[in-house]
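Participant: what would the 3D arrangement of this be:
(one chain, ligands or ions: 1)
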Amino acid sequence: MKIVVSGGGTGGHIYPALALIKTIQKQDPSVEFLYIGTEKGLEAKIIERENIAFKAINITGFKRSISFENAKTVFRFIKGVYDSKKIIKQFKPDVVIGTGGYVCGPVVYAAAKRKIPTVIHEQNSVAGLTNRFLSRYVDRVAICFEEVRPFFPPEKVIMTGNPRASEVLESKTTGILQSFGLKENVKTALIVGGSRGARPINEAVIKSLSQLSNKSYQIIYVTGEVHYKEVSKEAEFLGINHNVAIVPFIHNMEEVLSSIDVVVGRAGATSLAELTSLGIPSILIPSPYVTDNHQVKNASALVNKGAAVMLEESELSSQRLIAALDSILLDDARRIAMGEAAKKLGIRDAADKLFALLLELVNKAPINK
Ligand SMILES: CC(=O)N[C@H]1[C@@H](OP(=O)(O)OP(=O)(O)OC[C@H]2O[C@@H](n3ccc(=O)[nH]c3=O)[C@H](O)[C@@H]2O)O[C@H](CO)[C@@H](O)[C@@H]1O
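Facilitator: Here you go, the predicted structure:
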């Protein structure tokens, strides 16, 4: 069997794709994959590290206001469809899956037009623009939140959950905290502003560093690649203690998460799938800069069940951040209750469900289409 996978821009669209690929490779090593992304998105770097065949097309997203850039995007979309058709004709996939981000648009559209079975995977509680457009053409729409169902043609929708929820479960590793220069038996918070880092979170964390470095708990603080230099300089100036480890990005997040007691982060859907799968309490600061404010809706699904607390970016301050961390890390009963509430929300067999959906489509498809 041959599968084309496409998804990109940010980690939230790429890691579910990668988790699905890894699950399928384990269950059927004969399956061949081709990943189609862009050179500029995070996918080029992430997929390259995994030894998966990768082809890039050139495409950008639409701007919300009318602009000359949008005219260029239309042209790039048409060119993207043309290039995707060529790649697809050559690779001859049995099924094509898009996991979000604008790169999926031309790839999945081209596949549907060539009558190849197609699936899109929507991670969020509000549908992304590309997935809304593609849902008219694809065979199935796999979702992770019930709230998103009404955005799509009802007969195509199937609840699978996010494959990353399955992957993080299998990755219990010991000695991870030591690899960050931290202690193994001390309560640990992970602070991370999504896959690209978030300046407003970084600003609040920098202001909190001196106080945090005197706490009985320890911190892994992921700045985001582009912010790392600036944050490290500030931290050096402040002379932080050895209980805070600062890194630009974590490539083995699935291993690290199993040693974490609380996460402070954005409310990206893939991160939330990981947290609920493992039952990790969280302090969520939804990004206000995303389509239809969907991170607030993602976060609310956890907050309403007692699995997370939400801090709006507009009310974020070092005092609030430290108080939220203290209230969970210094209160065992609360931390455990939040963790249990999170665990109840996890869909842990998501990767198997998504693979089963692909198989169903491939087996139904007429031969020699
Ligand atoms: C600004 C933006 O458009 N954000 C969207 C993007 O977020 P973003 O890409 O930040 O997505 P998520 O927070 O959902 O997922 C991030 C992924 O990257 C991984 N990771 C992160 C940091 C790191 O150092 N190492 C690492 O491996 C996480 O473990 C996770 O698997 O996609 C999500 C899923 O569609 C959406 O919900 C978000 O709204």
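
Participant: for K353, grab the count of nearby residues.
Facilitator: Using other Cβ atoms under 10 Å, K353 has 16 other residues around it. No exception for glycine: its C-beta is placed from N, CA and C like everyone else's.

Participant: close enough to count as contact, it and T160?
Facilitator: Yes. Assessed by Cβ atoms under 8 Å, K353 is found in contact with T160 at 4.1 Å.

Participant: shared neighbours, those two?
Facilitator: 142, 347 (Cβ atoms under 8 Å, 6 or more residues apart in numbering).

Participant: skipping adjacent residues, who's closest to E170 in space?
Facilitator: E254 (7.8 Å; Cβ to Cβ, 6 or more residues apart in numbering).

Participant: for that neighbour, pull up the helix or strand it's in.
Facilitator: Element membership for E254, per DSSP states H and E: helix 253-256.

Participant: now do whichever helix or strand comes after that helix, average pLDDT.
Facilitator: Using DSSP H and E, the next helix or strand after helix 253-256 towards the C-terminus is strand 262-265. Strand 262-265 shows a mean pLDDT of 98.

Participant: helices or strands next to the helix or strand that strand 262-265 is followed by in the packing?
Facilitator: Downstream of strand 262-265, the next assigned helix or strand under DSSP H and E is helix 269-278. The contact analysis (3 or more Cβ pairs under 8 Å, 6 or more residues apart in numbering; DSSP states H and E) places helix 269-278 against helix 11-27, helix 163-169, strand 262-265, strand 282-284, helix 294-303, helix 332-344.

Participant: can you give me how far the shortest one is from the chain middle?
Facilitator: Averaged C-alpha coordinates place strand 282-284 at 15 Å from its chain's average position (Cα atoms, centre = their mean, to the nearest Å).

Participant: that one packs against which elements?
Facilitator: Identification of packing neighbours for strand 282-284 by 3+ Cβ pairs under 8 Å, 6+ apart yields strand 262-265, helix 269-278, helix 294-303, strand 308-310, helix 318-329.

Participant: state the distance from A301 to A307.
Facilitator: In this view, A301 and A307 are 9 Å apart by Cβ to Cβ, to the nearest Å.

Participant: apologies, that question was intended for F355.
Facilitator: 27 Å.

Participant: next, the closest residue to E147 other than its chain neighbours: phi, psi?
Facilitator: Distances taken as Cβ to Cβ, 6+ apart place S125 nearest to E147, at 4.3 Å, with adjacent residues excluded. Backbone torsions for S125, taken as degrees, to the nearest 10, come to phi -90, psi -10.
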